[in-house]
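*Asks:* The following comprises the amino acid sequence and a computationally predicted model.
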Amino acid sequence: MSYFKITIAIAISMIFCCGIHADRTVSSGKWAEAWLKAKKKYEKTTGEKKPDKKSGVFGKHSTGLYKAAKDADKQYGKIDKKRGLKVIKQQNKFLKSSKKFRKEIIPYVKDLKELKKEEENSKKKKGLAVLISYLEAIEATLEKCENDIKINRKELEEDEKWRRVARVGIKAAVKKMKSFIANVNKDDDIRKKIATYNKYYHNHSRDLGMSLRTSAKKDYSLNEVDQEMLISLDESILEGGWGISNGATIEIEEDATDEELEELFDSIFSPLVDIYKETSAFLKRM
């Protein structure tokens, strides 16, 4: 055979192979979509509808396959929406769903391969190859997701252990800050209010800042937005002077009126209360 003929033969072979096996990339969490695509490819290749659930091998497997695919999609999609220990719990739900789905796929592929060997119609043979190819790609993607989760599990559990430590530290500091704010606000007399504030603000603000700083430095599985927020809150405490001894002490001038003192107090105390509120809101999400 001439070089030209061999080249043509190879090209035709590649086109044929690509026609059967092209576009088999299956995205994680898109397994139901991939299976529907496989069935459409089968119909396009064979020129007929995929046999219904009453038809032999197809009937034996197809009923539970799409349902299993949908559940795997659902459980996988929820992983990124969870935090802390809830991530691990959701991963476990996906692992269970994935294994169930793969149990549906593996025997189906085996039966389809047997059916393909026996099939004499070339179009149907190609159509079966399409289904097999897609199912194998789906199964491989599921297995990869399972393995990735198992590999990362130890690191995730370690992160969660330190995350709990951070949560305890922030929670204790927030609790003290809450008590401090209530103690300051219980006095109606502005001078007494300022005296209480001046006496306790540094210790409580310092503790809160240290807990935020520690959590921000250590990556407790925090997303970038949360980490930046912790850093920002800690910086606000330092910049406001609350974390420094006498850094935000309110000086009372002898001739200052109550109204002037109220205004001065509010300008210093309110931002600290806002930091407390933002930290409390973060703690609920943590």
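*Replies:* Yep, that arrived. Numbering: from 1, shown residues only.
*Asks:* Helix, strand, or coil at I252?
*Replies:* Under DSSP: H, G, I helix; E, B strand; the rest coil, I252 falls in the coil class.
*Asks:* who's in contact with it?
*Replies:* Listed by C-beta atoms under 8 Å, 6 or more residues apart in numbering, the contact set of I252 reads 191, 194, 261. For every residue, glycine as well, the C-beta is placed using N, CA and C.
*Asks:* I'd say the second one and A248 touch.
*Replies:* No - here I194 does not reach A248: they are 11.5 Å apart, not a contact under C-beta atoms under 8 Å.
*Asks:* Any regions of the stretch 101-250 of the chain where pLDDT drops low?
*Replies:* Within the stretch 101-250 of the chain, the stretches with pLDDT under 70 are 218-223.
*Asks:* all helices of it, in order?
*Replies:* 122-185, 190-217, 224-239 (DSSP state H, counting those that start in this stretch).
*Asks:* Can you tell me which of these is most buried?
*Replies:* helix 190-217 (a mean of 19; mean count of other C-beta atoms under 10 Å).
*Asks:* That helix - contacts with which helices or strands?
*Replies:* helix 122-185, helix 224-239, helix 258-285 (3 or more C-beta pairs under 8 Å, 6 or more residues apart in numbering; DSSP states H and E).
*Asks:* Buried residues, stretch 273-286. List them.
*Replies:* Buried residues in stretch 273-286, counted by 16 or more other C-beta atoms under 10 Å: 275-276, 279, 282-283, 286.
*Asks:* Dump those into CSV; add pLDDT and distance to K117 as well.
*Replies:* Converted to CSV, the buried residues of stretch 273-286 look like this (pLDDT from 0 to 100; distance: C-beta to C-beta, whole Å):
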residue, pLDDT, distance to K117
I275, 93, 71
Y276, 93, 71
T279, 91, 66
F282, 85, 61
L283, 83, 62
M286, 70, 57
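*Asks:* Which residue is the nearest non-sequential neighbour of L95?
*Replies:* Excluding its sequence neighbours, the residue lying closest to L95 (C-beta to C-beta, 6 or more residues apart in numbering) is E146, at 5.9 Å.
*Asks:* my guess is the one you found contacts S97, does it?
*Replies:* No - in this structure, E146 is not within contact of S97 by C-beta under 8 Å, at 10.4 Å.
*Asks:* about what we covered before: include distance to Q91 when you put the helices of the stretch 101-250 of the chain into TSV, please.
*Replies:* Shown next, in TSV, are these (distance: least, C-beta to C-beta, whole Å):
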stretch	distance to Q91
helix 122-185	5
helix 190-217	23
helix 224-239	20
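*Asks:* of those helices, which approaches F265 most closely?
*Replies:* Closest to F265 of the helices of the stretch 101-250 of the chain, according to C-beta to C-beta: helix 190-217, at 5.7 Å.
*Asks:* one step back: which residues does the residue nearest to L95 contact?
*Replies:* Applying C-beta under 8 Å, 6+ apart, we find E146 in contact with 95, 98-99.
*Asks:* Closest one of those residues to I268?
*Replies:* Top of the list for closeness to I268, among the contacts of E146 and by C-beta to C-beta, is L95 at 52.3 Å.
*Asks:* which stretch of helix or strand covers that closest one?
*Replies:* Using DSSP states H and E, L95 maps to helix 85-118.
*Asks:* so what's E33 up against?
*Replies:* D73.
*Asks:* Roughly how far does it sit from D189?
*Replies:* Distance, E33 to D189, by C-beta to C-beta, to the nearest Å: 67 Å.
*Asks:* Outline the domain layout of the protein.
*Replies:* 25-158, 187-285 (automatic domain parsing).
*Asks:* Turn the ones you listed into JSON lines, columns for distance to F180.
*Replies:* JSON lines is the format used below for these (distance: least, C-beta to C-beta, whole Å):
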{"stretch": "domain 25-158", "distance to F180": "28"}
{"stretch": "domain 187-285", "distance to F180": "4"}
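*Asks:* Of these, which is nearest K171?
*Replies:* Relative to K171, the nearest member of the domains of the chain by C-beta to C-beta is domain 187-285, separated by 6.0 Å.
*Asks:* Kindly check the end-to-end length of that closest one for me.
*Replies:* End-to-end distance of domain 187-285 (C-alpha to C-alpha, to the nearest Å): 32 Å.
*Asks:* Now do that domain: distance to the chain's middle.
*Replies:* 32 Å (C-alpha atoms, centre = their mean, to the nearest Å).
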